[in-house]
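*Asks:* below are the sequence and a predicted model for it; my questions follow.
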Amino acid sequence: MFSADSDLTPAFDVIKEITHSRKVIKILVFFPPGNFSSDLYNIANKSFPLENHELKFKNSQLPDEVVLSDGYIIKRPDKWK
(Lines give C-alpha, C1' and ligand atoms only; values in the text may rest on other atoms or scores of the structure.)
Protein backbone atom coordinates (compact mmCIF):
# COMPACT_ATOMS: atom_id res chain seq x y z
CA MET A 1 0.00 0.00 0.00
CA PHE A 2 1.18 3.53 -0.75
CA SER A 3 -0.24 5.71 2.01
CA ALA A 4 0.32 7.45 5.30
CA ASP A 5 -3.39 7.54 6.13
CA SER A 6 -3.87 6.01 9.57
CA ASP A 7 -7.62 5.73 8.89
CA LEU A 8 -6.73 2.49 7.08
CA THR A 9 -5.47 0.84 10.27
CA PRO A 10 -8.87 -0.61 11.36
CA ALA A 11 -9.31 -2.22 7.95
CA PHE A 12 -5.96 -3.98 8.28
CA ASP A 13 -6.86 -5.07 11.83
CA VAL A 14 -9.99 -6.75 10.43
CA ILE A 15 -8.06 -8.37 7.58
CA LYS A 16 -5.48 -9.76 9.99
CA GLU A 17 -8.22 -11.06 12.32
CA ILE A 18 -10.24 -12.73 9.55
CA THR A 19 -7.29 -14.34 7.78
CA HIS A 20 -5.15 -15.17 10.83
CA SER A 21 -6.19 -18.81 11.02
CA ARG A 22 -6.18 -19.41 7.24
CA LYS A 23 -2.95 -17.99 5.86
CA VAL A 24 -0.22 -15.51 6.45
CA ILE A 25 -1.00 -11.96 5.39
CA LYS A 26 1.87 -9.57 4.85
CA ILE A 27 1.18 -5.86 4.91
CA LEU A 28 3.77 -3.67 3.20
CA VAL A 29 3.45 0.09 3.55
CA PHE A 30 5.25 2.59 1.33
CA PHE A 31 5.15 6.07 2.83
CA PRO A 32 4.96 8.92 0.28
CA PRO A 33 7.68 11.58 0.55
CA GLY A 34 7.16 13.78 3.61
CA ASN A 35 4.44 11.54 5.12
CA PHE A 36 4.47 8.97 7.89
CA SER A 37 1.97 7.19 10.13
CA SER A 38 3.11 5.41 13.27
CA ASP A 39 -0.21 3.51 13.28
CA LEU A 40 0.47 2.05 9.83
CA TYR A 41 4.14 1.50 10.68
CA ASN A 42 3.11 -0.56 13.72
CA ILE A 43 0.59 -2.72 11.85
CA ALA A 44 2.79 -3.33 8.79
CA ASN A 45 5.09 -6.31 8.45
CA LYS A 46 7.51 -4.00 6.67
CA SER A 47 7.52 -0.34 5.68
CA PHE A 48 9.51 1.74 3.25
CA PRO A 49 9.91 5.52 3.27
CA LEU A 50 10.02 6.90 -0.26
CA GLU A 51 12.11 9.94 0.70
CA ASN A 52 15.07 8.78 -1.35
CA HIS A 53 12.83 7.90 -4.27
CA GLU A 54 10.82 11.12 -4.54
CA LEU A 55 11.51 11.59 -8.25
CA LYS A 56 10.41 8.01 -9.06
CA PHE A 57 7.29 8.52 -6.93
CA LYS A 58 6.38 11.79 -8.68
CA ASN A 59 7.05 10.28 -12.11
CA SER A 60 4.66 7.39 -11.39
CA GLN A 61 1.66 9.61 -10.66
CA LEU A 62 -1.17 10.19 -13.08
CA PRO A 63 -1.24 13.48 -15.01
CA ASP A 64 -2.77 16.58 -13.40
CA GLU A 65 -5.92 16.00 -15.45
CA VAL A 66 -7.50 12.80 -16.74
CA VAL A 67 -10.27 13.02 -19.33
CA LEU A 68 -12.77 10.16 -19.17
CA SER A 69 -14.41 8.69 -22.27
CA ASP A 70 -17.56 10.74 -21.63
CA GLY A 71 -15.51 13.96 -21.54
CA TYR A 72 -15.62 14.34 -17.74
CA ILE A 73 -12.34 15.74 -16.40
CA ILE A 74 -10.82 14.54 -13.14
CA LYS A 75 -8.26 16.95 -11.67
CA ARG A 76 -5.57 16.15 -9.13
CA PRO A 77 -5.72 18.50 -6.11
CA ASP A 78 -2.79 20.94 -5.92
CA LYS A 79 -1.71 19.56 -2.53
CA TRP A 80 -1.14 16.14 -4.19
CA LYS A 81 1.34 17.51 -6.72
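*Replies:* Received it, and whenever you're ready, just let me know what you need. Remember, predicted model here, so these are calculated numbers, not experimental data.
*Asks:* spit out the contact partners of residue 36.
*Replies:* Residues in contact with residue 36 (CB atoms under 8 Å, 6 or more residues apart in numbering) are 4, 49. Every C-beta, even on glycine, is put in place using the N, C-alpha and C of the backbone.
*Asks:* what average pLDDT does stretch 7-16 get?
*Replies:* Mean per-residue pLDDT for stretch 7-16: 84.
*Asks:* show me what that stretch is in contact with.
*Replies:* Contacts of stretch 7-16 (CB under 8 Å, 6+ apart): 1, 25, 27, 37, 39-40, 43.
*Asks:* in helices, which of those appear?
*Replies:* 39-40, 43 (DSSP state H).
*Asks:* which among these gets closest to residue 33?
*Replies:* Within the ones in helices among the contacts of stretch 7-16, proximity to residue 33 (CB to CB) peaks at residue 40, which comes in at 15.4 Å.
*Asks:* can you give me the strands for the chain?
*Replies:* Secondary structure of the chain by DSSP state E: the strands cover 28-31, 46-49, 65-67, 73-75.
*Asks:* quickly compare the ones you listed and say which is most buried.
*Replies:* With neighbours defined as mean count of other CB atoms under 10 Å, the strands of the chain peak in mean count at strand 28-31, which reaches a mean of 17.
*Asks:* avg pLDDT for that strand?
*Replies:* For strand 28-31, the mean pLDDT works out to 87.
*Asks:* centre of the chain to stretch 7-23, how far?
*Replies:* 17 Å (CA atoms, centre = their mean, to the nearest Å).
*Asks:* for that stretch, which positions count as buried?
*Replies:* Within stretch 7-23, the residues that count as buried by 16 or more other CB atoms under 10 Å are 8-9, 12.
*Asks:* turn these into CSV, including distance to residue 69.
*Replies:* Listed next are those as CSV, based on distance: CB to CB, whole Å:
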residue, distance to residue 69
8, 30
9, 36
12, 34
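*Asks:* nearest to residue 32 among these?
*Replies:* Using CB to CB, residue 8 comes nearest to residue 32 of these, at 13.4 Å.
*Asks:* now the closest one: how far from residue 18?
*Replies:* Note on residue 8: its distance to residue 18, by CB to CB, to the nearest Å, is 16 Å.
*Asks:* thank you, goodbye.
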